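> curious how this folds, go ahead:
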Amino acid sequence: MSETRPDGTPLRALVVDDEVNIAELVAMALRYEGWVVDTAGSGAEAVASAREHAPDVVVLDIMLPDMDGMEVLRRIRAGAPHVPVLFLTARDAVEDRVAGLTAGGDDYVTKPFSLEELVARLRALVRRAGTAIEQGRSVLVVGDLVLDEDSREVTRGGEDISLTATEFELLRYLMRNPRRVLSKAQILDRVWNYDFGGQANVVELYISYLRKKIDAGRAPMIHTMRGVGYVLKPAT
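Take a look at the predicted model:
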């Protein structure tokens, strides 16, 4: 299914990988879907391309010849703070994934990977990032936590909280279902829009980092119901 920007023009992706065959494979799959794709083989090329072409999503390898993916992400986000980024890496260690997500990445895929899965995840990222285009204004309030779906602003106790596109969508789902226990499967299906086996750990990671932003130094609002899922409720 081909998707487009709100103005009807094709979606644009930037694929960054120093392995040319992998970059071209991903680019070919996305072009088949009707996307416009730019490729880069180094961090410097990636930053320059992002500034010139303003991609809707970035596929970013963590290991690059001139700088690591975390630094590339930081430089890209300096000019495009809300562009979704999916990390593509051969490193499968949990600490590497955590580092990528902490740096502001929205999702990750480890090599070797399924092109079908990768495309599905990128579609989901673009949809989540595009939620700010929705018409109308809706403000969700749970306790002292406030989320504005139109401006994408989040505050707790009047203090601004900066979230990535994925963190925003996860929090929005929790806030639309206050006091309701949501399973990992429900969250994965609703927030990530895919159901590939063994990916529930990404929910755990995002809950962990959302807690650090929402609950840090405050009475907790996000609670784990062991063996069941997660629930958000006003702090007591």
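> pick out the residue closest to the middle of the chain.
Asp106 (2.3 Å; CA atoms, centre = their mean).
> burial check on Lys212, number of neighbours?
Lys212 has 10 neighbouring residues, counting by other CB atoms under 10 Å. For the C-beta atoms, the positions are set from N, CA and C on the backbone; glycine is no exception.
> now do the buried residues in the helix or strand where it lies.
In the assignment (DSSP states H and E), Lys212 maps to helix 201-214. The neighbour-count check on helix 201-214 (16 or more other CB atoms under 10 Å) flags Val202, Val203, Leu205, Tyr206, Ile207, Tyr209, Leu210, Arg211, Ile214 as buried.
> same check on stretch 174-194?
Residues Leu174, Met175, Arg176, Asn177, Pro178, Leu182, Lys184, Gln186, Ile187, Leu188, Val191, Trp192 are the ones in stretch 174-194 that count as buried (16+ other CB under 10 Å).
> which residues touch that stretch?
Residues external to stretch 174-194 that are found in contact with it (CB atoms under 8 Å, 6 or more residues apart in numbering): 107, 117, 120-121, 123-124, 127-128, 140, 142, 145, 147, 166, 169-170, 173, 195, 199-200, 202-204, 222, 225, 228-234.
> now, of those, which are buried?
Buried members of the contacts of stretch 174-194, scored by 16+ other CB under 10 Å, are 107, 120-121, 123-124, 128, 140, 142, 145, 147, 166, 169-170, 202-203, 222, 229-232.
> how many neighbours does Pro81 have?
10.
> again with the one 4 residues further on
Number of residues near Val85 (other CB under 10 Å) recorded here: 30.
> over to Gly79?
Neighbourhood size, Gly79 [other CB under 10 Å]: 11.
> where does Asp195 land on pLDDT?
On pLDDT, Asp195 comes in at 53.
> typo on my end, Asp61
Asp61 is assigned a pLDDT of 90 by the prediction.
> pLDDT-wise, which helix or strand of this structure ranks last?
Ranking every helix and strand in the chain by mean pLDDT, DSSP states H and E puts helix 94-102 at the bottom, with a mean of 59.
> residues of the next helix or strand after it that come out buried?
Next helix or strand after helix 94-102 toward the C-terminus (DSSP H and E): strand 107-110. Buried residues in strand 107-110, counting neighbours by 16+ other CB under 10 Å, are found at Asp107, Tyr108, Val109.
> quick one: distance of strand 107-110 to the chain centre.
Counting by CA atoms, centre = their mean, to the nearest Å, strand 107-110 is centred 10 Å from the centre of its parent chain.
> what is the mean pLDDT for it?
Strand 107-110 comes out with an average pLDDT of 81.
> and that strand, which strands flank it?
According to DSSP bridges, strand 107-110 forms sheet pairs with strand 85-89 (parallel).
> could I get the CA-only coordinates of the partner strand as PDB?
Below are the C-alpha coordinates for strand 85-89, written out as PDB (Å, rounded to 0.1, in the frame of the first residue of the first chain):
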ATOM      1  CA  VAL A  85      14.700   7.600  13.300                       C
ATOM      2  CA  LEU A  86      15.000   3.800  13.100                       C
ATOM      3  CA  PHE A  87      18.400   2.400  14.100                       C
ATOM      4  CA  LEU A  88      19.700  -0.400  11.900                       C
ATOM      5  CA  THR A  89      22.600  -2.400  13.500                       C
END
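> what's the host helix or strand of Val15 in contact with?
Using DSSP H and E, Val15 falls within strand 12-16. The contact list for strand 12-16 (CB under 8 Å, 6+ apart) reads 23, 26-27, 30, 35-41, 43, 45-46, 49-50, 53-61, 64, 69, 72, 122.
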